[in-house]
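K.L.:
pasting the structure only:
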């Protein structure tokens, strides 16, 4: 029996792991899962059973799903695989959208969302929106010249943001190389801008290399009366030699305290390779004590507001300020200890 709008609107997930299928005929069915309702169509192609995704309800209505089913059956009648036709149609739309710099940049940004942090994505999106799109967004990407990009980054330079200007040029280069890969531009024109920008001024922070300086910092940490979780993070920093962000996002499932090991998944590492951190006896003791407080949750250092997120960078910065240190002190401490070994 054919489905109705009323039934689709009110049908609930039964709890089955694979979801519940409700047929509308001619191969199309509604797949009801815990969080979403999916339109699917089963068909045979070259003797094999295949499934075509038609969309998600309610974004795709019953009428729209039936229209997509009709188009898929017409493709089958014409000897065309509907799944292959869908892929080609999507690729053509991406190609057409990428004809402007804005279209290409947004396609590249979406592609990169799976391989880098949300914070980096937000920063790059802001550069695109505020610095690049107002000047380059509507230009046909194939007609963009080195001078067009140089003009934009020099505007960033003019406001004193030298490092951002270099990073924005790098972003433009990544976008253009993506355009080369999908065939909408011939070459990365930013290669012609090498040496055209003001050099980034280098700021050297004095590393903590003297034992007395290290001892003073450690005494400050162990004498700090702040939140227990923040203090534990500060105590562990010089024992683990990891980036502050890697420490803050640590999860209990990554630790084997009996084996004195912390295995950071590849997805969290800059080089995308799993990293094993051996744990000193002092680190294990701190972690065991901390486990009694936060071990019920996912994160070793949970946010003070919710257990669903890790502790923010501001928490550590505030603790350091309370002890009279700048926020870079942990990074400099690690650098100094490395130099002194």
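P.N.:
Noted; the coordinates are in hand. This one's a predicted model, so the numbers in the text were calculated from it and none came from an experiment. Numbers count the residues shown, from 1 in each chain.

K.L.:
where do the helices sit along this structure?
P.N.:
Ranges of helices in the chain, per DSSP state H, are 5-10, 62-77, 82-97, 101-112, 118-127, 133-136, 146-158, 162-182, 211-222, 228-240, 244-248, 281-294, 313-322, 329-340.

K.L.:
how far away is residue 321 from residue 285?
P.N.:
Note on residue 321: its distance to residue 285, by C-beta to C-beta, to the nearest Å, is 27 Å. The way it works is simple: take the backbone N, C-alpha and C, and place the C-beta from them, glycine included.

K.L.:
Turn the helices of the chain into TSV, including mean pLDDT and distance to residue 262.
P.N.:
Shown next, in TSV, are those (pLDDT from 0 to 100; distance: least, C-beta to C-beta, whole Å):
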stretch	mean pLDDT	distance to residue 262
helix 5-10	92	48
helix 62-77	93	48
helix 82-97	71	41
helix 101-112	89	28
helix 118-127	85	22
helix 133-136	92	42
helix 146-158	91	40
helix 162-182	90	31
helix 211-222	75	20
helix 228-240	87	7
helix 244-248	85	10
helix 281-294	93	8
helix 313-322	76	18
helix 329-340	48	16
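
K.L.:
Can you check which of the ones you listed gets nearest to residue 34?
P.N.:
Across the helices of the chain, residue 34 has its closest neighbour in helix 5-10 (15.8 Å, C-beta to C-beta).

K.L.:
List the buried residues in the closest one.
P.N.:
In terms of neighbour count (16 or more other C-beta atoms under 10 Å), helix 5-10 has its buried residues at residue 8.

K.L.:
helices or strands next to it in the packing?
P.N.:
If you count contacts as 3 or more C-beta pairs under 8 Å, 6 or more residues apart in numbering; DSSP states H and E, helix 5-10 packs onto no helix or strand.

K.L.:
just use 21 as the starting number from now, easier for me
P.N.:
Done: numbering now begins at 21, and the last item shifts to helix 25-30.

K.L.:
Any idea how far that helix is from the middle of the chain?
P.N.:
Offset of helix 25-30 from its chain centre (C-alpha atoms, centre = their mean, to the nearest Å): 36 Å.

K.L.:
contacts for it?
P.N.:
Outside helix 25-30, the residues that touch it by C-beta atoms under 8 Å, 6 or more residues apart in numbering are 42, 50, 57, 77, 78, 81, 82.

K.L.:
please redo it, this time with the cut-off set to 10 Å
P.N.:
21, 24, 42, 44, 50, 52, 57, 59, 77-78, 81-83, 85 (C-beta atoms under 10 Å, 6 or more residues apart in numbering).
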